[in-house]
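**Q** My questions concern the predicted model and sequence given below.
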Amino acid sequence: MILYGLLILAYAFLYVPIVVMIVFSFNASRLVTVWGGFSTKWYGELLHDEKVLDAAWLSLKVAMTSATVSTVLGTLAAVVLVRFTRFFGRTLFTGMVTAPLVMPEVITGLALLLLFVAMEAVVGWPSGRSFTTIVIAHTTFSLSFVTVVVRSRLSQMDASLEEAAMDLGARPLKVFLAITLPLIAPALLAGWLLAFTLSIDDVVISAFVSGPGATPLPIVIFSKVRLGVSPEINALATLVVTVVAVAMAIAGRVALKREQPRPQ
Amino acid sequence: MASQTTAAPWNDPGAKPLIRFEGVSKRFGDFVAVDQVDLAIHKGEFFSLLGASGCGKTTLLRMLAGFETPTEGRIFIDGVDMSAVPPYERPVNMMFQSYALFPHMTVEANIAFGLKQDRLPQPVITDRTKAVLDLVQMGKFATRKPHQLSGGQRQRVALARALAKEPKVLLLDEPLGALDKKLREATQLELVNIQDRVGVTFVMVTHDQEEAMTMSSRIGVMNSGRIAQVGTPVDIYEYPESRFVADFIGAANMFEASVRQSGTDQVVVNCPELAHDLIIAHNDMLPEGTPVTVMVRPEKVAISRDKPAEGLNWAQGVVADIAYLGDVSIFHVRLESGHRIEALQTNLRHTDERKLTWEDPVYLSWHPANALVLTK
């Protein structure tokens, strides 16, 4: 009984704020803290807010692009770290790949902004703060997370599987595509999803590298909240939570399906 | 068994070996895993590399497969220098200790994998896959995934996959290590039968001497990176060339001794542990005073209450311990000097009225031809 009590308490601690937010997104009243009856009008209003819709679309594009790019680069880094145990500068590389995990985001953001400004002055690219700069910035930190996830999966994988494939006549690239990649696929999916969620809710780094023409959703929400929390924001947040929950459910199903139980 | 069905090409100086190691060494940093190995393995052999863990046997096998490159020396397979040949182009296939079956592929797909790399036409791949699956009696399980198989079944699939490409040499890394004892014994003979049928040269790494003795045409005993002795199971057991091999293979009674008198076919040695000199068959002349080790296997030692006949080597002691193993009993006899000798006796009768028991005074005896003098 005590255990169940603790469990409920833990769930409440984690999810009551979100539930409250969802409930208030259906509030008819304009005052956020006063219940004025059920209504879906804020959702309707949201659909007509061009600024919010543009920002949501941009965030989605940025998240998908940076997640994909960092999954590719992070996987390559993980393969190098796990399978190539001796090369010049390996220790430095190991440290540097994971450094963004502990680097304060404010510093990463500022550093990237300075780099982009300097590059624009010297080589003329990237011009201004845009989709490209946000993607590059998000990739730099998501990459580390993907590397960590894929690396742990790779080091658990029996190395003799790759040797067996090579022994049976497969060249190294074929071994990677036919054996390694399918076996680490769950980690790639997990890494991609992690990178995606990190990107879609990032505020700090985005604040530095986004510009007037390209403002991602979290920045828009943040600036709206500064003018006062409106029920419209609650509706928007509810939609975001729904999208993330659905994505996680799909990922969970995929992961479960891969681990079929032994029939015997 | 293999040793009976194959000829002995290793005794023919004109025979060209299929695999040749020439002065092969492998160092990992300061650690010498394989040290100056010269070895010739012939076509159709079932060759075992036997040794304790860390003796370099697996490294030697991995160099043959191409997963490790020798630091020094060269390896030839069928006359071709393998130095620059990557693993995926060598005419060898390996059966891994962990079996290394691809978990995301069915049994069929696992076996077809190697054949597909050779870009064989699909009907050939299908036929060959079916043939090797039937060879290991796994035809029924073609569409299963590895995690749906038992350990013994996985072992069969791994064997089939390694045989599918019809390699010149099949490498087996502790192939039976993961099976339980009963299954392992049955599989030993089956593996030998399969080798007989397909005619492929097998090179196996094992730490289990019984397994090596049962299956091999010849055994290479390894000790800290070197080959200590190469020979048939009988050679290795009956005529070990060094103290290490004598001690490593089977049980052995050993005494330190020194040569008293050496003849053309026998040697007389003085042994401080025993009251009198021993006579042992030996072909080489040894200078007087040479320190040697006398080795006699427990089953060659007879144990009795009565004094043995003339012409035999004998010792006197009391029974210190009896290990009853069912089929045989091992008597540990303590000599006056305190040295212990093991004697093995087959339990021929259900009960024995004259059964020896603890602290019984006994005589031990053995024939001069059944002991060995070791100088290394």
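**A** Good, I have the coordinates.
**Q** what residues are up against the closest residue to residue A:116 other than its chain neighbours?
**A** Leaving aside its sequence neighbours, residue A:116 sits nearest to residue A:133 (Cβ to Cβ, 6 or more residues apart in numbering or on different chains; 5.3 Å). Bear in mind the C-beta positions are built from the backbone N, C-alpha and C, glycine included. With contact taken as Cβ atoms under 8 Å, 6 or more residues apart in numbering or on different chains, residue A:133 is in contact with A:112, A:116, A:126, A:209, A:210, A:211, A:214.
**Q** at 10 Å instead, please
**A** Remark: with contacts taken as Cβ atoms under 10 Å, 6 or more residues apart in numbering or on different chains, residue A:133 is in contact with A:112-113, A:115-116, A:119-120, A:126-127, A:206, A:208-211, A:214.
**Q** and if you look at residue A:134?
**A** Here residue A:134 is in contact with A:58-59, A:61-63, A:65-66, A:112, A:199, A:202, A:205-206, A:208-211, A:214-216, A:219 (criterion: Cβ under 10 Å, 6+ apart).
**Q** could you check the distance from residue B:89 over to residue A:164?
**A** Remark: distance between residue B:89 and residue A:164 (Cβ to Cβ, to the nearest Å) = 16 Å.
**Q** Looking at the two, which one has more neighbours?
**A** Taking residue B:89 and residue A:164 together and counting by other Cβ atoms under 10 Å in any protein chain shown, residue A:164 has the greater number of neighbours (29 against 12).
**Q** Show only the entries of the contacts of residue A:133 found in helices.
**A** With helices taken from DSSP state H, the overlap with these comprises A:112, A:113, A:115, A:116, A:119, A:120, A:206, A:208, A:209.
**Q** which of the residues you listed count as buried?
**A** When these are checked for burial by 16 or more other Cβ atoms under 10 Å in any protein chain shown, the buried set is A:112, A:113, A:116, A:206, A:208, A:209.
**Q** Now the fourth one: closest residue in space that isn't a chain neighbour?
**A** The shortest distance from residue A:206 to any residue other than its chain neighbours is 5.1 Å, reached at residue A:216 (Cβ to Cβ, 6+ apart).
**Q** cool, and the fifth one?
**A** Spatial nearest neighbour of residue A:208, excluding adjacent residues (Cβ to Cβ, 6+ apart): residue A:109 at 3.5 Å.
**Q** same check, this time on the first one
**A** Using Cβ to Cβ, 6+ apart and skipping the chain neighbours, the partner closest in space to residue A:112 is residue A:137 (4.8 Å).
**Q** So what's the residue count around the one you found?
**A** Residue A:137 sits with 27 neighbouring residues when counted by other Cβ under 10 Å.
**Q** Correct me if wrong: it contacts residue A:130.
**A** No. Using Cβ atoms under 10 Å, residue A:137 and residue A:130 do not qualify as a contacting pair, with a distance of 11.2 Å.
**Q** joint contacts of those two?
**A** Common contact partners of residue A:137 and residue A:130 (Cβ under 10 Å, 6+ apart): A:116, A:209, A:210.
**Q** and which of the residues you listed is nearest to chain B?
**A** Checking the shared contacts of residue A:137 and residue A:130 against chain B by Cβ to the nearest Cβ gives residue A:209 as the nearest, at 39.7 Å.
**Q** any idea how far stretch A:59-75 is from the chain center?
**A** Averaging C-alpha positions (Cα atoms, centre = their mean, to the nearest Å) puts stretch A:59-75 8 Å from its chain's average.
**Q** Would you mark the buried spots in that stretch?
**A** Buried residues in stretch A:59-75 (16+ other Cβ under 10 Å): A:59-60, A:62-67, A:69-71, A:73-75.
**Q** JSON lines for these, including pLDDT and distance to chain B?
**A** As requested, the buried residues of stretch A:59-75 are arranged in JSON lines below (pLDDT from 0 to 100; distance: Cβ to the nearest Cβ, whole Å):
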{"residue": "A:59", "pLDDT": "92", "distance to chain B": "34"}
{"residue": "A:60", "pLDDT": "91", "distance to chain B": "31"}
{"residue": "A:62", "pLDDT": "95", "distance to chain B": "33"}
{"residue": "A:63", "pLDDT": "93", "distance to chain B": "29"}
{"residue": "A:64", "pLDDT": "94", "distance to chain B": "26"}
{"residue": "A:65", "pLDDT": "96", "distance to chain B": "28"}
{"residue": "A:66", "pLDDT": "96", "distance to chain B": "28"}
{"residue": "A:67", "pLDDT": "95", "distance to chain B": "24"}
{"residue": "A:69", "pLDDT": "97", "distance to chain B": "26"}
{"residue": "A:70", "pLDDT": "95", "distance to chain B": "25"}
{"residue": "A:71", "pLDDT": "95", "distance to chain B": "19"}
{"residue": "A:73", "pLDDT": "95", "distance to chain B": "24"}
{"residue": "A:74", "pLDDT": "94", "distance to chain B": "22"}
{"residue": "A:75", "pLDDT": "94", "distance to chain B": "17"}
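**Q** For chain A, name the helix or strand with the lowest mean pLDDT.
**A** Taking mean pLDDT, DSSP states H and E as the measure, the helices and strands of chain A show their lowest mean at helix A:231-258, namely a mean of 79.
**Q** Give the other helices and strands that that helix contacts.
**A** Under the contact definition 3 or more Cβ pairs under 10 Å, 6 or more residues apart in numbering or on different chains; DSSP states H and E, helix A:231-258 sits against helix A:2-25, helix A:41-47, helix A:50-83, helix A:181-200, helix A:217-226.
**Q** The last one - what's its average pLDDT?
**A** Meaning helix A:217-226. Along helix A:217-226, the predicted local confidence has a mean pLDDT of 86.
**Q** okay, the buried ones among the ones in helices among the contacts of residue A:133 in CSV with pLDDT next?
**A** Converted to CSV, those look like this (pLDDT from 0 to 100):
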residue, pLDDT
A:112, 93
A:113, 93
A:116, 93
A:206, 93
A:208, 92
A:209, 92
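**Q** quick one, phi psi at the residue nearest the centre of chain B?
**A** When Cα atoms, centre = their mean is applied to chain B, the residue found nearest the centroid is residue B:212 (3.3 Å). The phi/psi pair for residue B:212 (degrees, to the nearest 10) reads phi -60, psi -40.
**Q** What parts of the stretch 1-150 of chain B come near chain A?
**A** Contact residues, the stretch 1-150 of chain B versus chain A (Cβ under 10 Å from any Cβ of the partner chain): B:62, B:65-67, B:86-90, B:92-105, B:110-119, B:144-145, B:147-150.
**Q** For PyMOL, write a command that selects the buried ones of the residues you listed.
**A** To isolate in PyMOL the members of the residues of the stretch 1-150 of chain B next to chain A that are buried, counting by 16+ other Cβ under 10 Å, one can use:
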select buried, chain B and resi 62+65+66+67+87+88+90+92+93+94+95+96+97+98+99+100+101+102+103+105+110+111+112+113+114+115+116+117+144+145+148+149
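**Q** Distance to residue B:32 for the buried ones among the ones in helices among the contacts of residue A:133 - can I get that in TSV?
**A** TSV is the format used below for these (distance: Cβ to Cβ, whole Å):
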residue	distance to residue B:32
A:112	51
A:113	56
A:116	54
A:206	57
A:208	56
A:209	55
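**Q** Those: which two are farthest apart?
**A** Among those, the pair separated by the greatest distance (Cβ to Cβ) is A:116 and A:206, at 13.0 Å.
**Q** which neighbours do the two share?
**A** Residues touching both residue A:116 and residue A:206 (Cβ under 10 Å, 6+ apart): A:129, A:133, A:137.
**Q** quick one: which helix or strand includes the second one?
**A** Secondary-structure assignment from DSSP states H and E places residue A:133 in helix A:131-156.
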